[in-house]
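A.B. asks: Mind folding the following:
(2 chains)
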Amino acid sequence: MAERIPRVPVREQDPKVRAHNFEEVCFGYDLQEAMLEASRCLHCKNPRCVTACPVSIKIPEFIAKVKEGDIQGAAAVIGEDSSLPAVCGRVCPQETQCEGSCILGIKGESVAIGKLERFVADHSAESDETTRPAATVTPGAKKVAVIGSGPAGLACASDLAKWGYDVTIFEALHRPGGVLEYGIPEFRLPKDAVLKREINEVKALGVKIETDVIIGRTVTIDSLMDNEGFEAVFVGTGAGLPKFMGIPGENLNGVFSANEFLTRNNLMKAFREDYLTPIHAGKKCCVVGGGNVAMDAARTALRLGADTSIIYRRTEVELPARKEEVHHAKEEGIDFQMLTNPVEILADENGWVRALKCIRMELGEPDESGRRSPVPIPGSEFEIPTETVIMALGTAPNPLIVKTTNGLEATRRGGLVADEEGRTTREGIFAGGDAVTGAATVILAMGAGRKAAKAIDEYLKSK
Amino acid sequence: MFKILKREMLTPNICKMVVSAPRIAKAAKPGQFLIVLANEEGERIPLTISDYDREGGTVTIVTQLIGASSAAIIAKEEGEFFRDVVGPLGNPSAFMEMSEEQLKGQKYIFIAGGLGTAPVYPQAKWLHDRGIAVDVIIGARTKDLLIYTEELGSACDNLYLCTDDGSVGFHGVGTACLEDLVAKGKEYTQAVAIGPMIMMKFATLTCKKLNIPIDVSLNMLMVDGTGMCGACRVTVAGKTRFACVDGPEFNGYDVDFDEAMRRLGQYKTEEAEVKAKFVK
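C.D. replies: Sure, this is the predicted structure:
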């Protein structure tokens, strides 16, 4: 057997350069690199990568097309199962899903499925030929309302539109995309070049998007169903409520939720000179938390000129963020303070943050999640002088829809009660994504959106 | 896009606009606010709803020139459009949740300061239309800066004007006027103060002294207005609350006004830089 070709490395912006700009970190493959990488796929008879993909993209099939140089063909294969390939190729945790199950990964390196997906999406969008099906909304089609234009809502709406339904997405913010728009920074997911393009593809399927509509305030679900003729509703409102630690000093000036900090910079484009939005990263910034949002906030603060530290109570092994994001953050010069937990935020004489008082931790017995729980080391308190503190501790679903819709139930943690297919406690209303599970990933939300679309289709056909 | 149907300068710095926003007009209730994004490059600015016309599909907003983003709102002419108007946000006023039985026999006193006078109008009108006793105190620095005097005149039982310089009405601030009214035998069961934070702080102190319960409407900094960012957090009765979803009205006795005032100044430096750059 011939010598195995090693995984084709992907070109990236120099860490020293990119630490000062908001351009995308990763350049992606060119055609030659993509075809070479595609040739590494073994085309397993029982492709474990497909099973591991929450939206079941026919991975070996699209990779085979790439290998032949038929990129439009590859795009068509992906398009059958995903409406956001350029997004997913960039932000999916491939290492725990498709690539994590790749046979090649057992002894060596898995096929770079994410990078190939991204290449296919970007390359096919640049060419003139169109792969997307034309708008198929039939006159007099049944109306479905989708609440929220994040990954769950876009995936659900796309499938329903492909099947001929008259779909309207209602979005509370002034731009569609949900967390893809307000949460994930430009340097990981370019807004105009990638996100807008893929949302336009969803619109081209016939999906209408009405921004500036807060369901539960502007109009209720009951009113949409009773007065506006919507026969089914999908709730994909995500998990948008920030959590705080409940320690003294959290309301000082200079303490922000990651949501506020990232929304100012992403949705409101504070990093751009031509936008009015103010943002304050300070000269020194501490980000509390270890997830992808913490990495995004830290790398954003760094780019805005702050010397930035990540404060996390467990060790690097337990960091919930993707390995690639941690690696990128380190390359760029983010300082990692592991086994460290804030106990108080200290003020200067004007009520601004002066320092973050922390305590050192050690790992104790495993908790219910199986991770060893961190325990404070008595007497190890110390201060980190800082101008700003960003809390990236996770988010919870917004209670507004549950409060304002008859017959909808939520769990104690705020997630909507829904079965595997997304049926809620009320007939005709479906839900999926973070609104049900609490904060998770883009691709899991898309998977839930697609499952719910199927259930909605069955429901409307049987009605 | 949301069309501006009418535009009127009430003072050299305060502008009233009637905006086409059918969905918001249909849902709006007294006490709620909305968010305006004038242009693509602007900020999302929370403004209290000053009036709404369900049939006509319009809402009325009143804006004061402060920074670059309020300047962008005021710069719009009749017939032009705001990029976005979203709402209604926040909870309606406390009295909206009360039964007719509970409202009967109540005597309301509104203390309005500056720009805060505009949102008092739909609240006073709602109560007045239902036959509940309502008095209103409007305060401003001088006669020419008083707004909504005509509208409020027909939306309450007694309207009291006060000016710091005595150019019209009571000579002094609104809280002093309230003390004067109570000293002269007026009785109130509930006060509502809307205006600058410092004025609401003093209105609360006065009401405490006079033993009148008071609600205040907090105009905190916000980004989304839906509970997502937490920029608007305030300490109320020792707990952190979000003004956008838990308020904007709170029991004044419970509000940490000093913290609220400090938090309002959080982006002062950045805002001044932006204003210097964009406002000519």
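A.B. asks: Quick check: closest non-adjacent residue to residue A:242.
C.D. replies: What sits nearest to residue A:242 in space, not counting adjacent residues and going by CB to CB, 6 or more residues apart in numbering or on different chains, is residue A:257, at 3.6 Å. For the C-beta atoms, the positions are set from N, CA and C on the backbone; glycine is no exception.
A.B. asks: burial of the one you found, as a residue count?
C.D. replies: Residue A:257: 26 surrounding residues under other CB atoms under 10 Å in any protein chain shown.
A.B. asks: Distance check, it against residue A:178.
C.D. replies: 17 Å (CB to CB, to the nearest Å).
A.B. asks: Also residue A:332?
C.D. replies: 26 Å.
A.B. asks: Now do the strands in the stretch 201-350 of chain A.
C.D. replies: In the stretch 201-350 of chain A, the segments counted as strands under DSSP state E, counting those that start in this stretch are A:208-210, A:230-235, A:241-242, A:255-257, A:284-288, A:307-311, A:335-337, A:340-347.
A.B. asks: The longest one: partners in the sheet, and parallel or antiparallel?
C.D. replies: By that I understand strand A:340-347. Here strand A:340-347 is paired, per DSSP bridges, with strand A:353-366 (antiparallel).
A.B. asks: buried sites along the strand it pairs with?
C.D. replies: For strand A:353-366, a neighbour-count test (16 or more other CB atoms under 10 Å in any protein chain shown) marks A:353, A:354, A:355, A:356, A:357, A:358, A:359, A:360, A:361, A:363 as buried.
A.B. asks: which ones are touching the fifth one?
C.D. replies: What that stands for is residue A:357. Taking CB atoms under 8 Å, 6 or more residues apart in numbering or on different chains as the contact definition, residue A:357 lies against A:342, A:343, A:344, A:345, A:346, A:381, A:382, A:383.
A.B. asks: repeat for the last one
C.D. replies: By CB under 8 Å, 6+ apart, residue A:363 lies in contact with A:314, A:315, A:339, A:372, A:373, A:374, A:375.
A.B. asks: can you list the residues of the stretch 301-450 of chain A near chain B?
C.D. replies: The stretch 301-450 of chain A comes close to chain B at residues A:350, A:351, A:398, A:400, as judged by CB under 8 Å from any CB of the partner chain.
A.B. asks: Neighbours of the nearest residue to residue A:95 once chain neighbours are set aside, how many?
C.D. replies: Spatially, and ignoring its direct neighbours in sequence, residue A:95 is nearest to residue A:323 (6.2 Å; CB to CB, 6+ apart). Using other CB under 10 Å, the number of residues around residue A:323 comes to 11.
A.B. asks: do you know how far residue A:323 is from chain B?
C.D. replies: Per CB to the nearest CB, to the nearest Å, residue A:323 is found 28 Å from chain B.
A.B. asks: got the phi/psi numbers for the residue of the stretch 101-250 of chain B found nearest chain A?
C.D. replies: Residue of the stretch 101-250 of chain B nearest chain A, by CB to the nearest CB: residue B:229 (3.8 Å). Residue B:229 adopts backbone torsions of phi -100, psi -30, taken as degrees, to the nearest 10.
A.B. asks: Which residue is the nearest non-sequential neighbour of it?
C.D. replies: Take residue B:229 and drop its neighbours on the chain: the residue closest to it by CB to CB, 6+ apart is residue A:260, 3.8 Å away.
A.B. asks: I'd assumed residue B:223 was in contact with the one you found.
C.D. replies: Yes - between residue A:260 and residue B:223 there is a contact under CB atoms under 8 Å: 6.0 Å.
A.B. asks: any chance you could map the strands in the stretch 151-280 of chain B?
C.D. replies: According to DSSP E, counting those that start in this stretch, the strands that the stretch 151-280 of chain B contains are B:158-163, B:170-171, B:190-194, B:214-217, B:233-236, B:239-242, B:249-251.
A.B. asks: list the contacts for the residue of the stretch 101-250 of chain B closest to chain A?
C.D. replies: A:242, A:257, A:259, A:260, A:263, B:222, B:223.
A.B. asks: Could you do residue B:179 as well?
C.D. replies: Counting by CB under 8 Å, 6+ apart, residue B:179 touches B:206, B:209, B:210.
A.B. asks: just residue A:202 next, same as before
C.D. replies: A:83, A:154, A:157, A:158, A:161.
A.B. asks: Sitting in strands, which of the residues you listed do you find?
C.D. replies: Per DSSP state E, strands hold no members of the contacts of residue A:202.
A.B. asks: which among the residues you listed gets closest to residue B:274?
C.D. replies: The shortest approach to residue B:274 among the contacts of residue A:202 belongs to residue A:154, at 33.1 Å (CB to CB).
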